[in-house]
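Asker: sequence first, predicted model second:
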Amino acid sequence: MKVLIVGGGGREHALAWKAAQSNKVEKVFVAPGNAGTALESKLENIAISAEDIPALLKFAQDEQIELTIVGPEQPLVAGIVDRFSEAGLRCFGPNQDCAQLEGSKTFSKDFLARHQIPTAEYGTFTNPDAAIAYVAEKGTPIVIKADGLAAGKGVVIAQSLEEATTTINDMLSGNAFGEAGHRVVVEEFLEGEEASFIVIADGKNVLTMATSQDHKARDNGDLGPNTGGMGAYSPAPVVTPAMHQRIMDEVIMPTMQGMEADGRPYSGFLYAGIMIDKAGT
């Protein structure tokens, strides 16, 4: 079969590299790919942006692609899975409705709260004065997040009211993250160790992948602004077997059940960013 991988990062390189190892796969195309995928046998980079859904769809039809796997969040939020499915093509990933879990932090937080899935206390705002008043009431440090996709960089841990005020004004004015910052989520600061917990879902069932821990701070010692990720390792030691089961029971399966109850059965990779404090909560 022919496979199309959408995206140009290390994640897509890994997906394409692994897909190419299957004896069922004769060719893997990567759109747009990167310098690493250009060096791999059985892989071919295609000069189509991951966000150009009409061009990707035409390419998949012309090449008779049997399976498309989407890496980046942006085309998922824009509805690439829906467009491919409407054309009768198999495309692995959440549809546009389900992709809002990653595409909008407000949607995600409201969903978690509605289904009583553990999450930090929060407020959502489009008015800067209201957001700043919330920070003044709750105190610092506090976490400020752009609502939309910001390539993993839309999170600021404000250490003072002054820093929070500047951040909120920058985001809501559109200066910091454009449309992604038209709304902000202001969230309780939780101290502990983070872990990434990812499963593959088919709407009802899940298959767990190895845990990992991503380090986003730009500078040594977890200092400096957040990036899309400076490095990661796997598995994450903080996720013990007992903690693994708790995450499945308290986060992953309630999320799957909640999405189904809301009429949005979730298929694709489902990512949960977990914060585990010193007490193991």
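Answerer: Structure received.

Asker: any idea which element Lys153 lies in?
Answerer: Under the criterion DSSP states H and E, no helix or strand holds Lys153.

Asker: what count of nearby residues applies to it?
Answerer: 18 (other C-beta atoms under 10 Å). Glycine gets a C-beta too; all of them are placed from N, C-alpha and C.

Asker: enumerate every residue touching it.
Answerer: By C-beta atoms under 8 Å, 6 or more residues apart in numbering, Lys153 lies in contact with Phe177, Pro225, Asn226, Thr227, Gly228.

Asker: got it, and Ala158?
Answerer: By C-beta under 8 Å, 6+ apart, Ala158 lies in contact with Val135, Thr140, Pro141, Ile142, Val143, Ile144, Ala164, Thr167.

Asker: isn't the fourth one up against Glu163?
Answerer: The reference is to Ile142. No - taking C-beta atoms under 8 Å as the definition, Ile142 is not a contact partner of Glu163, at 9.5 Å.

Asker: of these two, who's got more company?
Answerer: The neighbour comparison of Ile142 against Glu163 (other C-beta under 10 Å) goes to Ile142, with 22 against 17.

Asker: so who does that one touch?
Answerer: Neighbours of Ile142 in contact, by C-beta under 8 Å, 6+ apart: Val135, Ile157, Ala158, Ala164, Val186, Glu187, Glu188, Phe189.

Asker: what ranges do the strands span in this protein?
Answerer: Using DSSP state E, the strands of the chain run over residues 2-7, 27-32, 43-45, 67-70, 91-92, 122-125, 142-146, 155-158, 184-188, 193-202, 206-208, 213-219, 223-233, 267-276.

Asker: what residue ranges in the chain score low on pLDDT?
Answerer: 151-152, 175-181 (pLDDT under 70).

Asker: go with 90
Answerer: Low-confidence segments of the chain (pLDDT under 90): 41-42, 148-155, 172-182, 191-192, 214-232, 277-281.

Asker: buried ones in stretch 55-69, by neighbour count?
Answerer: By neighbour count on 16 or more other C-beta atoms under 10 Å, the buried set for stretch 55-69 is Leu56, Leu57, Phe59, Ala60, Ile65, Leu67, Thr68, Ile69.

Asker: can you redo those as CSV with distance to Lys24?
Answerer: Output for those, formatted as CSV (distance: C-beta to C-beta, whole Å):
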residue, distance to Lys24
Leu56, 22
Leu57, 23
Phe59, 21
Ala60, 18
Ile65, 14
Leu67, 10
Thr68, 15
Ile69, 14
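
Asker: re the thing from before, what's the farthest-apart pair in the contacts of Lys153?
Answerer: Spanning the widest gap among the contacts of Lys153 are Phe177 and Thr227, at 13.9 Å by C-beta to C-beta.

Asker: surely Asp44 touches Phe29?
Answerer: Rather than Asp, residue 44 is Glu. Yes - contact criterion C-beta under 8 Å: Glu44 and Phe29 qualify, at 5.3 Å.

Asker: those two: which is more packed in?
Answerer: Shown here are Glu44 and Phe29; by other C-beta under 10 Å, Phe29 has more neighbours (23 against 14).

Asker: partner residues bridging that one?
Answerer: Leu4, Glu44 (DSSP bridges).

Asker: spit out the contact partners of it.
Answerer: Lys2, Val3, Leu4, Ile5, Leu43, Glu44, Asn45, Ile46, Phe59, Glu63, Ile65.

Asker: ok, now with 10 Å
Answerer: 2-6, 16, 37, 43-46, 48, 56, 59-60, 63, 65, 68 (C-beta atoms under 10 Å, 6 or more residues apart in numbering).

Asker: same question, Arg114
Answerer: Contacts of Arg114 by C-beta under 10 Å, 6+ apart are Gly258, Ala261, Asp262.

Asker: verify the stated contact: the first one with His115.
Answerer: Yes - at 3.8 Å, Gly258 counts as touching His115 under the criterion of C-beta atoms under 10 Å.

Asker: residues contacting the spatially most central residue of the chain?
Answerer: Nearest residue to the geometric centre of the chain (C-alpha atoms, centre = their mean): Glu102, 4.9 Å. Counting by C-beta under 10 Å, 6+ apart, Glu102 touches Glu73, Gln74, Leu76, Val77, Pro94, Ser108, Leu149, Gly268, Phe269, Leu270, Tyr271.
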